[in-house]
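Visitor: attaching a predicted model along with its sequence, questions to come.
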Amino acid sequence: MANLFDRDDIALGIALPFGPGQSNFKLNYTTLDQAKTNIINLLLTHKGERFMQPDFGTNLRRFLFRQNTESLADDIRDDLSEAIKFWLPYVKAESIDIDRSVQNIELYTIHISITFSVTNDVTKFTTVTFNFNSTGGVSVGNI
């Protein structure tokens, strides 16, 4: 099999956010960039949401409305680690940082930051951040 890593002439997938590129969509040309897109898709998909793949995704929306206890961060970290290991075995999560903070009584947020590399090149890392809030909003940073 040809080495497809770090080649600028072979696209590996569609990049997020969607936008114009050389073709109809902006494309990813490195495995690390495609892994970031795949992590975003995995974390933003709720288990049971994907047709014919009911176990694909995470339970992040359910965690948002649980009691804000010390074990919440560990439960989120375990759920994300299991999903990444099963669905994206080529991704090596270096750290999953979770910040649970109550900004005010009506707006509860969870900030998640995942630093990762791909198994073929563990010297290059990237980070993607997610901000979930009680109004149903999700923002993704470092795309």
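Guide: Received it, and whenever you're ready, just let me know what you need. Residues are numbered from 1 along each chain as shown.
Visitor: contacts and neighbour counts: CA atoms only from here.
Guide: Fine.
Visitor: mind listing the strands for this structure?
Guide: In the chain, the strands defined using DSSP state E lie at 13-14, 27-28, 91-104, 107-118, 121-133, 138-141.
Visitor: okay, those in JSON lines with distance to Phe65, mean neighbour count and mean pLDDT next?
Guide: Listed next are these as JSON lines, based on distance: least, CA to CA, whole Å; neighbours: other CA atoms under 10 Å; pLDDT from 0 to 100:
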{"stretch": "strand 13-14", "distance to Phe65": "32", "mean neighbour count": "18", "mean pLDDT": "78"}
{"stretch": "strand 27-28", "distance to Phe65": "35", "mean neighbour count": "20", "mean pLDDT": "78"}
{"stretch": "strand 91-104", "distance to Phe65": "12", "mean neighbour count": "15", "mean pLDDT": "81"}
{"stretch": "strand 107-118", "distance to Phe65": "9", "mean neighbour count": "19", "mean pLDDT": "84"}
{"stretch": "strand 121-133", "distance to Phe65": "10", "mean neighbour count": "15", "mean pLDDT": "79"}
{"stretch": "strand 138-141", "distance to Phe65": "14", "mean neighbour count": "13", "mean pLDDT": "78"}
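Visitor: in a markdown table: those, plus distance to Asp75.
Guide: Converted to a markdown table, the strands of the chain look like this (distance: least, CA to CA, whole Å):
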| stretch | distance to Asp75 |
| --- | --- |
| strand 13-14 | 31 |
| strand 27-28 | 32 |
| strand 91-104 | 10 |
| strand 107-118 | 13 |
| strand 121-133 | 16 |
| strand 138-141 | 19 |
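Visitor: so which of those strands gets nearest Asp79?
Guide: strand 91-104 (10.9 Å; CA to CA).
Visitor: other SSEs contacting that closest one?
Guide: With contacts taken as 3 or more CA pairs under 8 Å, 6 or more residues apart in numbering; DSSP states H and E, strand 91-104 sits against helix 70-87, strand 107-118.
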